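Engineer: What would the 3D arrangement of this be:
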Amino acid sequence: VFEPLLSHDVSATISQAVQGSEWWLPVPGSYWRAPEGGSSDVLTDGRALHPVVHISWLDARSYCRWASKRLPTEREWEYAAKGNTNWTFPWGNSEEDLHKHANTFEGVFPWKAEVTDGYLSTAPARSYAPNRFGLYNMVGNVWEWTSDLWSRNAGEKARAQRGGSYLCHRSYCFRYRVTSRTSNTEDSSAGNLGVRCARSVASQGKL
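Structural biologist: Residues are numbered from 1 along each chain as shown. I've put the predicted structure just below:
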């Protein structure tokens, strides 16, 4: 969990941090409904329309199956994010006025946030303008699981994630581009990691 999001009471109970990323803390009791642990509750604090976080790849796959959908492949995800263009970002090639296009970190990462767009953490799922396919938040906000393995190495268990998150900043994590990717193990979750479902459609072409 991103430390600036924690209450004083929760922060005071934590004595560990991720080495090299001391602003990223392990918070006991954090899960999809209580992303910051403690008394945080997305259903009562105005985040019911925000993307769900603290979802592992296993959780995401199970949810998609329950909803009669599936996780997108990386290739599908990137095609959807580009919106049938070759742009660097879903809205074009310029980072000018980035806060008007995507929910990323603004200011000096990680301790001096400017929050120009009003969101230190997640933003509602339909914030900002959609891309040419009508899809919202294809970059920024939360990383999204895909069905693909991170690599084809024997024994590989990490799964690819796409899209970047509210913690991405050019000085640290310039991954809010449509071609960027990262990974995590299938059982990992985090406060900036969510899911986007896909559904197969019947081909309209003739054999």
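Engineer: helix or strand for the nearest residue to residue 90 once chain neighbours are set aside, which one?
Structural biologist: Nearest residue to residue 90, sequence neighbours excluded (Cβ to Cβ, 6 or more residues apart in numbering): residue 131, at 3.8 Å. The C-beta positions use only the backbone N, C-alpha and C, and glycine is treated the same way. Using DSSP states H and E, residue 131 maps to neither a helix nor a strand.
Engineer: Ok, residue 76 next?
Structural biologist: helix 74-82.
Engineer: Now do the buried residues in that helix.
Structural biologist: Neighbour-count burial for helix 74-82, counted by 16 or more other Cβ atoms under 10 Å, picks out 74, 76, 77, 78, 80, 81, 82.
Engineer: from those residues, which is closest to residue 116?
Structural biologist: For these, the minimum distance to residue 116 (Cβ to Cβ) is 23.0 Å, reached by residue 81.
Engineer: could you pull out the strands for this protein?
Structural biologist: 107-108, 112-113, 143-149, 159-162, 181-184, 193-194 (DSSP state E).
Engineer: so which of those strands gets nearest residue 45?
Structural biologist: When the strands of the chain are compared (using Cβ to Cβ), the closest one is strand 193-194, at 17.2 Å.
Engineer: In the sheet, which strands lie alongside that closest one, parallel or antiparallel?
Structural biologist: If you go by DSSP bridges, strand 193-194 pairs up with strand 143-149 (parallel).
Engineer: Over the helix holding residue 76, what's the mean pLDDT, rounded is fine.
Structural biologist: If you average the pLDDT over helix 74-82, you get 98.
Engineer: Against which helices or strands is that helix packed?
Structural biologist: Contacts defined by 3 or more Cβ pairs under 8 Å, 6 or more residues apart in numbering; DSSP states H and E place helix 74-82 against strand 143-149, strand 159-162.
Engineer: now it: how far from the chain's centre is it?
Structural biologist: Taking Cα atoms, centre = their mean, to the nearest Å, one finds helix 74-82 lying 15 Å from the centre of the chain it belongs to.
Engineer: Compute the first-to-last residue distance for stretch 99-118.
Structural biologist: 9 Å (Cα to Cα, to the nearest Å).
Engineer: quick thing: my sequence starts at 46, can you match it?
Structural biologist: Will do, 46 is the new start, and the previous item becomes stretch 144-163.
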